[in-house]
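1. Predicted structure and sequence below. I'll ask about it afterward.
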Amino acid sequence: MTEQEVINRIAGGDIEAFGALYDLYLDRIYRFVYYRTHHRETAEDLTSVVFTKAFHKFTSFDRKANFATWIFRIARNTVIDHYRTRKTTSDLEQAFDISDSTNLSRDYELKEKLELAQKYLTQLPEDQRDLVIMRLWDGLSYDEIAEITGKTSANLRVNFSRIMSKMQKEMVLSLILFAGLTKIL
């Protein structure tokens, strides 16, 4: 059964067919939310909220539109609402999150590169950071991102290219500096 057939069945009153959409989008929505929260339990809770909202608001979904962009927009707004209402807390479990890998040198280097990329992303304005995350992490097309953000696909392509070019130059310099520091130490 195609996605459109499932959507038509739900619109026709078969609410159990929503489970097929849930199965199809669960992993993508979870990853989308997790990358923005960096906390497993929070991502699970918010993913549940996203699907609950989508289920209850399904009658407002335009069946001519793309379901993926509609549910990703709900996910994005849910994450924004979460950060607007949350209080700052620390997760005690994260303090004791120790890698069990045996290649500590490789893990350290990878961790440093990821931290550098994450640091760079946090310095970007929110709309640019969302563009990079939606394009690279979530694997969304420019057209899907355009529907979610309300910007044009052409504008997003140009912005993404500029961000990647700038990020690549700055990260290469940082990695060179990092490599030089580790040799000194």
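-> It's in.
2. Next, count neighbours for A146.
-> Per other Cβ atoms under 10 Å, the neighbour tally for A146 reads 18. The C-beta positions use only the backbone N, C-alpha and C, and glycine is treated the same way.
3. Now for the protein, the helix or strand with the poorest mean pLDDT.
-> helix 92-95 (a mean of 46; mean pLDDT, DSSP states H and E).
4. Show me how the protein divides into domains.
-> Per the record, the chain has its domains at 3-85, 103-184, by automatic domain parsing.
5. Lowest average confidence across those, which one?
-> With a mean of 77, domain 103-184 has the lowest mean pLDDT of the domains of the chain.
6. Who are the contact partners of the residue positioned nearest the centre of the chain?
-> Centrality entry for the chain: nearest residue to the mean C-alpha point is F32, 2.9 Å, by Cα atoms, centre = their mean. By Cβ atoms under 8 Å, 6 or more residues apart in numbering, the contact list for F32 reads 72, 75-76, 134, 137-138.
7. Which of the three states applies to it?
-> helix (DSSP: H, G, I helix; E, B strand; the rest coil).
8. Roughly how far does it sit from I148?
-> Remark: distance between F32 and I148 (Cβ to Cβ, to the nearest Å) = 10 Å.
9. Spit out the residues that contact these two alike.
-> 72, 76, 134.
10. which parts of the one helix or strand R36 maps to are buried?
-> Assigning secondary structure by DSSP states H and E places R36 in helix 18-37. By neighbour count with 16 or more other Cβ atoms under 10 Å, helix 18-37 contains the buried residues 18, 20-21, 25, 28-30, 32-37.
11. Quick check: what element follows it along the chain?
-> Following helix 18-37 in sequence, per DSSP H and E, is helix 40-56.
12. how far is that following helix from where the chain is centred?
-> In terms of Cα atoms, centre = their mean, to the nearest Å, the centre of helix 40-56 is found 14 Å from the chain centre.
13. helices and strands around it, which ones?
-> Packing partners of helix 40-56 (3 or more Cβ pairs under 8 Å, 6 or more residues apart in numbering; DSSP states H and E): helix 18-37, helix 67-85.
14. now those as TSV including distance to A11?
-> Converted to TSV, those look like this (distance: least, Cβ to Cβ, whole Å):
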stretch	distance to A11
helix 18-37	11
helix 67-85	11
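15. Compare those and give me the one nearest M164.
-> Evaluated over those, closeness to M164 peaks at helix 18-37, with 17.4 Å, by Cβ to Cβ.
16. Compute the inter-axis angle for that closest one and helix 67-85.
-> Relative orientation of helix 18-37 versus helix 67-85 (axes from the mean of the first three to the mean of the last three Cα atoms, to 10 degrees): 40 degrees.
17. phi, psi of H38?
-> phi 60, psi 30 (degrees, to the nearest 10).
18. Burial check on it, number of neighbours?
-> The local packing of H38 (other Cβ under 10 Å) involves 11 other residues.
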